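*Asks:* Next come a sequence and a model predicted from it.
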Amino acid sequence: MNLLKRLGCRRASVLGLLAATVLVTPGTATGAPDAVQASTLGAQAAQSGRYFGTAVSAGRLGDGTYTGILDREFNSVTAENEMKWDATEPSRGSFTFGRADQIANRAQARGQRLRGHTLVWHSQLPGWVGSIRDANTLRGVMNNHITTVMNRYKGRIHSWDVVNEAFADGGSGQMRSSVFRDVLGTGFIEQAFRTARSADPAAKLCYNDYNIENWSDAKTQGVYRMVRDFKSRGVPIDCVGLQAHFGAGGPPGSFQTTLSNFAALGVDVQITELDIAQAPPTAYANTVRACMNVPRCTGITVWGIRDSDSWRSGENPLLFDRSGNKKPAYNATLTAMGGTPTAAHGKPAVTP
Ligand code: 9MR
């Protein structure tokens, strides 16, 4: 069996591997598989069956530096804004998919996987939804939105953020106020997941939130209780997305524990929107290592490519600088996944 087959690589990963500089270290006398080290994020993540993705903005797809890095490094793509409610259903029953299609079709043509973001969220929600006061009307509108958007990309999205950021910050551990909770009650999340399962049974259905990385936080505990309840009652949920928008200190010490504890409920976990103020290499390495140490942590997405592409651009939180050069955090990330950074000329970099 050839090497790539033996590694169980998907087609996308194979392409990524071929595109990358691949270093094969000699096999051991014990017959253990050869260690293969790739020199791009996506190809290296694929070595352990994971993906490494980025948020993509349709408006930047004409920028060659941007797309050059996108296609070289990443094997999963999340639309940064283009699949949100305000973009896809700006007025009731009238759906627009132009920019979302642009991202989805481009990714598919290049063998990159797609994450769906996001179906039900209190933010970037058109005013017409926010002003609905009748529960039956809102339930119908929510279900129709989920079904229509999921149908559009049916079978093409590996994981969907079905509900985003429904829990409150602070110490309550409860759901935040939103038109969905206030009009439909807290059961709106269950309703959304059930509708999503019928719409695209092949997609992993995720609950996605920020500030749920520290195990002892009330918000983390609130989400954990919800997922535990869903699993115990057979409500369809497949994964928890931890956004991982970190300050310069990086992940909390309990991050890996949090990932493991969610995974132990029988769901995958994914790091969905990673960025870290000032991008300290150690903070990135710690984050990536936590995921690598948890078998059900199936992938990592960074929230943008270059610092200039970031929603927090003033904090330079990403892996590439404004000119598209790899930052020290890039090498730390690749190394934490077991990869080998290369210098600009394509030879293995000399490690300091
Ligand atoms: O990065 C997104 C930015 O371009 C938008 O202006 C913003 C609007 O709310 O949303 C940003 O992405 C958010 C994501 O969808 C959900 N988690 C928080 C992200 C950063 O705000």
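*Replies:* That came through, no problem.

*Asks:* All the helices of this structure, residue numbers only.
*Replies:* 3-6, 11-19, 41-46, 64-73, 85-88, 98-109, 127-130, 135-152, 179-184, 188-199, 218-233, 255-263, 281-292, 328-336 (DSSP state H).

*Asks:* how about the residues of the protein that lie near the ligand?
*Replies:* Proximity of the chain to the ligand, by CB under 6 Å from any ligand atom, involves residues 80-81, 123-124, 164, 243, 273, 311. For every residue, glycine as well, the C-beta is placed using N, CA and C.

*Asks:* What subset of the residues you listed is buried?
*Replies:* Among these, those classed as buried by neighbour count (16 or more other CB atoms under 10 Å) are 80-81, 164, 243, 273.

*Asks:* Make a markdown table from those and add pLDDT to it.
*Replies:* Shown next, in a markdown table, are those (pLDDT from 0 to 100):
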| residue | pLDDT |
| --- | --- |
| E80 | 98 |
| N81 | 98 |
| N164 | 98 |
| Q243 | 99 |
| E273 | 99 |
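
*Asks:* which residues does the closest residue to K326 other than its chain neighbours contact?
*Replies:* Using CB to CB, 6 or more residues apart in numbering and skipping the chain neighbours, the partner closest in space to K326 is F320 (6.2 Å). Applying CB atoms under 8 Å, 6 or more residues apart in numbering to F320 gives the contacts 69, 305-307, 326-327, 330.

*Asks:* what do you get if the cut-off is 6 Å, keeping everything else the same?
*Replies:* Taking CB atoms under 6 Å, 6 or more residues apart in numbering, we find F320 in contact with 69, 305-306.

*Asks:* what does W160 give?
*Replies:* Contacts for W160 (CB under 6 Å, 6+ apart) come out as 116, 203, 205.

*Asks:* Neighbours of the second one, how many?
*Replies:* Residues within reach of A203, counting by other CB atoms under 10 Å, total 23.

*Asks:* Now do T298 against S232, distance only.
*Replies:* Note on T298: its distance to S232, by CB to CB, to the nearest Å, is 22 Å.

*Asks:* P252 now?
*Replies:* For P252 relative to S232 (CB to CB), the value is 27 Å.

*Asks:* More neighbours: which of these two?
*Replies:* P252 (17 against 10).

*Asks:* Is the more buried one in contact with I212, as I believe?
*Replies:* No: between P252 and I212 there is no contact, the gap being 10.6 Å when judged by CB atoms under 6 Å.

*Asks:* Relative to D309, how far out is the closest residue to Y66 other than its chain neighbours?
*Replies:* Ranked by CB to CB, 6+ apart and with sequence neighbours excluded, the top spatial neighbour of Y66 is R60, at 4.8 Å. To D309, R60 is 6 Å away according to CB to CB.

*Asks:* returning to what we had before: so which two of the buried ones among the residues of the chain next to the ligand are the farthest from each other?
*Replies:* N81 and Q243 (14.9 Å; CB to CB).

*Asks:* More neighbours: which of R60 and D309?
*Replies:* D309 (22 against 17).

*Asks:* Any idea which residue of the chain lies closest to the ligand?
*Replies:* Across the chain, the shortest distance to the ligand (CB to the nearest ligand atom) belongs to W311, at 3.7 Å.

*Asks:* Which pLDDT value belongs to that residue?
*Replies:* pLDDT recorded at W311 is 98.

*Asks:* List the contacts of it.
*Replies:* Taking CB under 6 Å, 6+ apart, we find W311 in contact with no residue.

*Asks:* State the distance from it to L125.
*Replies:* According to CB to CB, W311 and L125 sit 18 Å apart.

*Asks:* ok, now G68?
*Replies:* G68 sits 34 Å away from L125, going by CB to CB.

*Asks:* Neighbour count for those two, which is higher?
*Replies:* Neighbour totals were compared for G68 and L125, and L125 leads with 17 against 12 (other CB under 10 Å).

*Asks:* residues in contact with the more buried one?
*Replies:* W85.

*Asks:* Got the confidence number for it?
*Replies:* Confidence score, pLDDT, at L125: 98.

*Asks:* How far does stretch 118-131 sit from its chain's centre?
*Replies:* Centroid separation for stretch 118-131 versus its chain: 21 Å, with CA atoms, centre = their mean, to the nearest Å.

*Asks:* and if you look at stretch 126-136?
*Replies:* Counting by CA atoms, centre = their mean, stretch 126-136 comes out at 29 Å from the chain centroid.

*Asks:* Likewise for stretch 224-244?
*Replies:* From the chain centre to the centre of stretch 224-244 is a distance of 16 Å (CA atoms, centre = their mean).

*Asks:* start to end distance for that stretch?
*Replies:* Start-to-end span of stretch 224-244 (CA to CA, to the nearest Å) is 16 Å.

*Asks:* cool, and stretch 43-52?
*Replies:* End-to-end distance for stretch 43-52, by CA to CA: 8 Å.

*Asks:* please begin residue numbering at 578 from this point
*Replies:* Shifting the count to begin at 578 puts that one at stretch 620-629.

*Asks:* Give me the mean pLDDT for it.
*Replies:* Averaged over stretch 620-629, pLDDT sits at 98.

*Asks:* Which positions in it come out as buried?
*Replies:* Neighbour-count burial for stretch 620-629 [16+ other CB under 10 Å]: 620-624, 627-629.

*Asks:* now stretch 819-834
*Replies:* Quick answer for stretch 819-834 (16+ other CB under 10 Å): 819-823, 827-829, 831-833.

*Asks:* nearest spatial neighbour of S625, skipping sequence neighbours?
*Replies:* Nearest non-adjacent residue to S625 (CB to CB, 6+ apart): M869, at 6.8 Å.
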